[in-house]
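A.B. asks: here you go, sequence then predicted model.
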Amino acid sequence: MPTALFIGPYRFFFWSYDCDEPPHMHVQHDRMQAKFWLEPVRMANNHGFRDRELREIKRLIDEN
């Protein structure tokens with residue numbers, strides 16, 4: 001799972017064999033993880049992040 005970017009405490013990465021799904025990015029911090037679709041940017045699933053953090057992560061994805 002290649003890491004695309006580190007911003008603050010967040011690691012943005014993708015699975016190289018997720019070919020059957022639309023473009024997306026996984027985000028991890030400690031034991032929390034979420035997946036965001038990229039076109040348009042929206043959350044696909046969340047495991048542990050609070051709403052405030054999810055808004056921040058979405059903003060970071062939009063900017064990068």
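C.D. replies: Nice, thanks for sending it over.
A.B. asks: what does stretch 56-64 contact?
C.D. replies: 5, 7, 10, 12, 25, 27, 34, 36, 38, 41-43, 49 (Cβ atoms under 8 Å, 6 or more residues apart in numbering). C-beta coordinates here come from the backbone N, C-alpha and C atoms, glycine included.
A.B. asks: and those residues, which are buried?
C.D. replies: Tyr10, Phe12, Met25, Val27, Ala34, Phe36, Met43, Phe49 (16 or more other Cβ atoms under 10 Å).
A.B. asks: quick check on the fourth one: phi, psi?
C.D. replies: The phi/psi pair for Val27 (degrees, to the nearest 10) reads phi -130, psi 140.
A.B. asks: so which of the buried ones among the contacts of stretch 56-64 belong to strands?
C.D. replies: Tyr10, Phe12, Met25, Val27, Ala34, Phe36, Met43 (DSSP state E).
A.B. asks: number of nearby residues for Asp62?
C.D. replies: 11 (other Cβ atoms under 10 Å).
A.B. asks: for Ala4, that is, sorry about that
C.D. replies: 12.
A.B. asks: using the three-state scheme, assign it.
C.D. replies: Under the three-state scheme (DSSP: H, G, I helix; E, B strand; the rest coil), Ala4 adopts strand.
A.B. asks: can you classify the spatially most distant residue from the centre of the chain by secondary structure?
C.D. replies: In the chain, Asp20 marks the outermost C-alpha relative to the chain mean, sitting 17.4 Å out by Cα atoms, centre = their mean. Assigned by three-state DSSP, the conformation of Asp20 is coil.
A.B. asks: neighbouring strands of the worst-scoring helix or strand of the chain on mean pLDDT in the sheet, and parallel or not?
C.D. replies: In the chain, no helix or strand scores lower on mean pLDDT, DSSP states H and E than strand 3-7, which sits at a mean of 92. When pairs are called by DSSP bridges, strand 3-7 turns out to pair with strand 10-13 (antiparallel).
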